[in-house]
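In: Show me the folded form of this:
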Amino acid sequence: MCMHVDDGETRYNAILFAFIAPTRQIMRARVLPVQLDSIDRAILTELQRDGRLSNQDLAQRVHLSPSACLRRVRRLEESGVIERYVALLNAKAVGRHGTSFTIINLESMNTPLLEAFERAVRSTPEILDCYYVAGSNDYLIRFAYRDAEDLERFHTEVLMRLPGVERSNSMLVLRTVKKTTALAV
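Out: I've put the predicted structure just below:
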């Protein structure tokens with residue numbers, strides 16, 4: 001599917017395509033990077049700092065009229081550059097005092113097992129992030145836990161019961177040096 005958008009100021013194209021795996025109907029969409037100018041970058045920087053900015057305040061910060069600013073924000077949303085807006089919680093304030101990064105190795109790398117593992121991960125709310133990685137390991141996951149008992153519970157009752165998990169290796173965070181969700185644009 002090819003989509004062309006013209007917002008009157010900037011023309012850009014996004015090309016979406018789907019890949020259907022021979023064994024399963026897996027749809028994957030890719031969006032080509034949108035051309036961003038300095039004003040788009042300024043908008044994105046400000047919204048990454050504070051996603052609750054009013055359009056009026058945002059327009060002032062990036063030196064645009066409110067209507068021009070809103071057009072650009074809508075274009076960035078529609079093109080997928082702005083994926084969504086969220087509230088970032090303080091983990092300790094909600095009782096999650098520890099963070100673990102865990103390397104997972106599966107029994108085998110066959111497609112049905114990978115799909116079953118990934119489905120199970122997606123349906124496990126305690127798992128915050130999961131990455132399929134290159135190298136000698138298969139996946140890297142991140143989760144937050146309350147205390148040592150909660151960590152043990154997660155490891156034995158959740159992690160090791162995921163489909164195909166052969167072994168895991170957890171690294172517990174002692175101190176966070178830097179943590180951001182903001183991408184440099």
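
In: now for whatever helix or strand Ser67 lives in, which elements pack on it?
Out: According to DSSP states H and E, Ser67 maps onto helix 66-78. In terms of contacts (3 or more CB pairs under 8 Å, 6 or more residues apart in numbering; DSSP states H and E), helix 66-78 is packed against helix 38-49, helix 55-62. In short, each C-beta sits where N, CA and C put it, glycine included.

In: show me where pLDDT drops low in the chain?
Out: 1-32 (pLDDT under 70).

In: Look up how far Arg96 lies from Asp147.
Out: 10 Å (CB to CB, to the nearest Å).

In: Correction: the previous question concerned Pro33.
Out: Pro33 is 34 Å from Arg96, by CB to CB.

In: Which of those two has more residues huddled nearby?
Out: Just comparing Pro33 and Arg96: by other CB atoms under 10 Å the higher neighbour count belongs to Arg96, 18 against 9.

In: give me every residue that touches the closest residue to that one other than its chain neighbours.
Out: For Arg96, ignoring the flanking residues on the chain, the nearest one in space by CB to CB, 6 or more residues apart in numbering is Ala144 at 3.7 Å. Shown in contact with Ala144 (CB atoms under 8 Å, 6 or more residues apart in numbering): 91, 96, 98-100, 126, 128.

In: wait, which of these is closest to Glu78?
Out: Nearest to Glu78 among the contacts of Ala144 is Leu128, at 27.5 Å by CB to CB.

In: The residue nearest the centre of the chain: what's it in contact with?
Out: Per CA atoms, centre = their mean, the C-alpha nearest to the average position across the chain is that of Asp129, at 7.5 Å. By CB under 8 Å, 6+ apart, the contact set of Asp129 is 140-142.

In: Next: Ser108.
Out: Contacts of Ser108 (CB under 8 Å, 6+ apart): Gly164.

In: before we move on, what SS does Leu53 have?
Out: coil (DSSP: H, G, I helix; E, B strand; the rest coil).

In: what sits up against stretch 38-49?
Out: With CB under 8 Å, 6+ apart, stretch 38-49 has contacts from 36, 53, 58, 61-64, 69, 72-73, 76, 81-82, 181-183, 185.
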